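# Could you work out the structure for the sequence below:
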Amino acid sequence: MSETKYFAHETAVIDDGCEIAEGTSIWHFSHIMPNCKIGEKCNIGQNVVISPEVVLGNNVKVQNNVSIYTGVTCDDDVFLGPSMVFTNVINPRSAVNRRGQYAKTHVGKGASIGANSTIVCGHDIGEYAFIGAGAVVTKNVPAYALLVGNPAKQIGWMSEYGHRLEFDKNGIGICPESGDKYQFDDNKVKKINDSE
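Got it, this is the predicted structure:
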């Protein structure tokens, strides 16, 4: 039997078939269901439910009371705020079995989803997008977009360091913390190098 290279609190439940990488911590009363893949250095807070076959990249932070259902994949460095939830069925009915109809939801690298937010299934969250607390996301979210409210509406753009971007007449925005530059063009934002 191989040595466990991750930490799981004694009250956590980890079902068979899971792959959990080195440096990950799983805290009190959390349940990791069969065949999940969890990357390196993730932190799974208290009372988290991760349904079968969910995939989390490296360094994903899952705060307390989060539910991640089958069909969800998160890239590296994703932040899931306290008590946020993903859905996985568009039209749930208790008396109708919809297993096998789970919609896919993908969260891109570096995205943050605020406390008590809901991500309705079948929508992609772009890399470094920022979803405000309590938002209800009902559509795809572009990379670097800032969304708030119910239903969530885009009110701006965010840097990779989590600062709101303001763009000059040439469509250039600079992160006040990192100094990184971003280009706004054709209703999209991308990070640019000084040589561009």
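
# How about the contacts made by the residue nearest to Ala152 when sequence neighbours are not counted?
Spatially, and ignoring its direct neighbours in sequence, Ala152 is nearest to Ala135 (4.1 Å; CB to CB, 6 or more residues apart in numbering). Where you see a C-beta, it was placed from the backbone N, CA and C, and this is true even at glycine. Counting by CB atoms under 8 Å, 6 or more residues apart in numbering, Ala135 touches 114, 117-118, 147-150, 152.

# helix or strand for Lys190, which one?
Assigned by DSSP states H and E, Lys190 belongs to strand 188-192.

# That strand pairs with which strands, and in what direction?
For strand 188-192, the paired strands and their directions (DSSP bridges) are strand 181-185 (antiparallel).

# can you pull the pLDDT of the nearest residue to Pro82 once chain neighbours are set aside?
Residue nearest to Pro82 in three dimensions, not counting chain neighbours: Gln63, with 4.1 Å by CB to CB, 6+ apart. You'll see Gln63 listed with a pLDDT of 98.

# Next: Glu196.
54.

# Also Gly100?
Taking Gly100 on its own, its pLDDT is 82.

# My read is that the residue nearest to Pro82 contacts Gly45, right?
Yes - between Gln63 and Gly45 there is a contact under CB atoms under 8 Å: 4.9 Å.

# Now list whatever residues contact both of these two.
When contacts are counted by CB under 8 Å, 6+ apart, Gln63 and Gly45 have Pro82 as shared neighbours.

# need the contact list for the residue lying closest to Gln101 once chain neighbours are set aside.
Excluding the flanking residues, the one nearest Gln101 by CB to CB, 6+ apart is Val89, at 6.5 Å. By CB under 8 Å, 6+ apart, the contact list for Val89 reads 98, 101-103, 121.

# Drop anything exposed from the residues you listed.
Neighbour-count burial (16 or more other CB atoms under 10 Å) is assigned, among these, to 102-103, 121.

# any chance of the residues you listed in TSV, plus distance to Lys191?
Formatted as TSV, the buried ones among the contacts of Val89 follow (distance: CB to CB, whole Å):
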residue	distance to Lys191
Tyr102	33
Ala103	30
Cys121	29
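
# Quick one: neighbours of the residue lying closest to Thr70 once chain neighbours are set aside, just the number.
Spatial nearest neighbour of Thr70, chain neighbours left out: Ser51 (4.4 Å); criterion: CB to CB, 6+ apart. Other residues within reach of Ser51, judged by other CB atoms under 10 Å, total 20.

# Ser51 reaches Tyr69, doesn't it?
Yes - the pair Ser51 / Tyr69 is scored as a contact, 4.6 Å apart, by CB under 8 Å.

# For the two, list the residues in contact with both.
Residues touching both Ser51 and Tyr69 (CB under 8 Å, 6+ apart) are Asn88.

# picking that back up, can you select the buried ones among the contacts of Ala135 for me in ChimeraX?
Burial among those is assessed by 16+ other CB under 10 Å; the matching ChimeraX selection reads:
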select :114,117,118,147,148,152
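
# Identify, from the contacts of Ala135, the entry nearest to Val189.
Nearest to Val189 among the contacts of Ala135, counting by CB to CB, is Leu147 at 13.5 Å.
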